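Participant: Make a model of this:
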Amino acid sequence: MRSVLVVLNCSKRKSIDLGLVYSRIGKVPGFDIENESIYRQVLSDLMRPAIDMYDGPEFRILRKFRWCIDLFVFSARYGIINGERPIIPYDAYLKDVDYSVIDKWAKY
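Facilitator: Purely as a prediction, here's the structure:
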């Protein structure tokens, strides 16, 4: 079967309750990518592939076709990532991205 390239922005809605994240670390990760290794240790059991973490309507549809698509996501936290890449639950919005965030993406 032929694979189709899909590029989609992230969604606000996540499959993990952000209240659970807050109860563990006292905050919800946002643009602070420099703390990623710490968050990955503490939240390792909550990590999911991006296609499973984002829970907007487009992602619910794309999950049904994951076997025949190559998904890339424009993430407010990570920049452009593969849809199968494991990510932590976070709360950041593309409308709030500025040069400092883009610089963090480049370093990460």
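Participant: what about the residue nearest to residue 34 when sequence neighbours are not counted, is that helix, strand or coil?
Facilitator: Among residues not flanking residue 34 along the chain, residue 104 sits closest, at 7.0 Å (CB to CB, 6 or more residues apart in numbering). Placement of C-beta: from N, CA and C, glycine included. Here residue 104 is helix, with the state taken from DSSP: H, G, I helix; E, B strand; the rest coil.
Participant: got a list of what residue 104 touches?
Facilitator: Listed by CB atoms under 8 Å, 6 or more residues apart in numbering, the contact set of residue 104 reads 31, 33-34.
Participant: Which among those count as buried?
Facilitator: Buried by 16 or more other CB atoms under 10 Å: 31, 33, out of these.
Participant: Let's have the contacts of residue 104 in CSV, adding distance to residue 68.
Facilitator: Converted to CSV, the contacts of residue 104 look like this (distance: CB to CB, whole Å):
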residue, distance to residue 68
31, 33
33, 31
34, 36
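Participant: before we move on, back to that, pLDDT score assigned to the residue nearest to residue 34?
Facilitator: Note for residue 104: predicted pLDDT of 81.
Participant: repeat for residue 100
Facilitator: 85.
Participant: what ranges do the strands span in this protein?
Facilitator: 4-9, 48-49, 69-75, 79-82, 86-87 (DSSP state E).
Participant: Could you figure out how far the longest one is turned away from strand 4-9?
Facilitator: Between the axes of strand 69-75 and strand 4-9, defined by axes from the mean of the first three to the mean of the last three CA atoms, to 10 degrees, the angle is 20 degrees.
Participant: Could you list the residues in contact with strand 69-75?
Facilitator: 3-10, 50-51, 54, 62, 80-84, 87, 94.
Participant: Stretch 5-24 now?
Facilitator: Contacts of stretch 5-24 (CB under 8 Å, 6+ apart): 28-29, 42-43, 46, 48, 50, 52-56, 58-59, 62, 69-77, 80, 83, 88-91, 93-94.
Participant: By mean pLDDT, flag the weakest helix or strand of this protein.
Facilitator: Lowest on mean pLDDT, DSSP states H and E among the helices and strands of the chain sits helix 99-107, with a mean of 82.
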